[in-house]
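Provided below for reference: sequence and predicted model.
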Amino acid sequence: MKAISLWQPWASLWACGRKKYETRHWATNYRGPIAVHAAKKLCTDIDDELRAILDDEFGGHWALELPRGALIATANLVRCLRTSDLLGLLSTEELAQGNFSTGRFGWGVDDMRQLPQPIPFIGHQGIFNVPDELFGLLPTTAPQGLLL
């Protein structure tokens, strides 16, 4: 499976569905299954608006509790659009969760599914491959309240 690595807290925001678009300085022609990897890097130098979103979604201890260095979700990458084409369609909350400046791209997914537990894995830059066998280790049914 293909994967993309994101710094925290953006990885978890995308994985839980609160963040609709991941923004990148580069486009991709790839469409299909993609895993979300939470990088080891945690960014806490954020503005008050994003901090409020994080506190609401994950609680006040999110910086200590979000998974890092692991695969945390899977989705189907279905679109990659110029941010200039997205701006009129995005909520203030979505704008607070990404860099939608000129020349960037928004990656949109369908069927985002958080993994029942993070799978430790070393991430890479760009789109990279993850052995499909890793996902075969997951239970076929998720505990109540979790999505596969």
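Yes, it's here. What you are looking at is a predicted structure, and each value in this text was computed from that prediction instead of being measured.

residue 98 contacts residue 19, correct?
Yes: using CB atoms under 8 Å, residue 98 makes contact with residue 19 at a distance of 6.9 Å. (Glycine included, C-beta is placed from N, CA and C.)

what sits in contact with each of the two?
Listed as contacting both residue 98 and residue 19 by CB atoms under 8 Å, 6 or more residues apart in numbering are residue 10.

how close does residue 97 sit to residue 30?
Distance from residue 97 to residue 30, counting by CB to CB, to the nearest Å: 22 Å.

next, count neighbours for residue 116.
Using other CB atoms under 10 Å, residue 116 is surrounded by 15 other residues.

the host helix or strand of residue 52: what's the following helix or strand?
Following DSSP states H and E, one finds residue 52 within helix 48-58. For helix 48-58, the succeeding helix or strand toward the C-terminus, using DSSP H and E, is helix 62-65.

buried residues, that following helix. List them.
Using 16 or more other CB atoms under 10 Å as the test for burial, helix 62-65 gives residue 62.

now the following helix or strand past that helix: buried residues?
With elements assigned by DSSP H and E, the helix or strand that comes after helix 62-65 is strand 70-82. Neighbour counts over strand 70-82 (16+ other CB under 10 Å) mark 70, 71, 72, 73, 74, 75, 77, 80 as buried.

picking up where we left off before, more neighbours: which of residue 97 and residue 30?
Looking at residue 97 and residue 30 with other CB under 10 Å, you find the greater number of neighbours at residue 97, namely 24 against 13.

what angle do the longest strand seen in the chain and strand 70-82 make?
Ranked by residue count under DSSP state E, the longest strand found in the chain is strand 105-120. If you take axes from the mean of the first three to the mean of the last three CA atoms, to 10 degrees, strand 105-120 sits at 170 degrees to strand 70-82.

what's whichever helix or strand comes after strand 105-120 in contact with?
As assigned by DSSP H and E, the chain's next helix or strand after strand 105-120 is strand 127-129. Residues outside strand 127-129 that contact it (CB under 8 Å, 6+ apart): 1, 2, 3, 4, 5, 28, 30, 34.

cutoff 7 Å now
2, 3, 4, 28, 30 (CB atoms under 7 Å, 6 or more residues apart in numbering).

with stretch 84-97 instead?
By CB under 7 Å, 6+ apart, stretch 84-97 touches 10, 13, 19, 20, 21, 49, 50, 53, 100, 102, 106.
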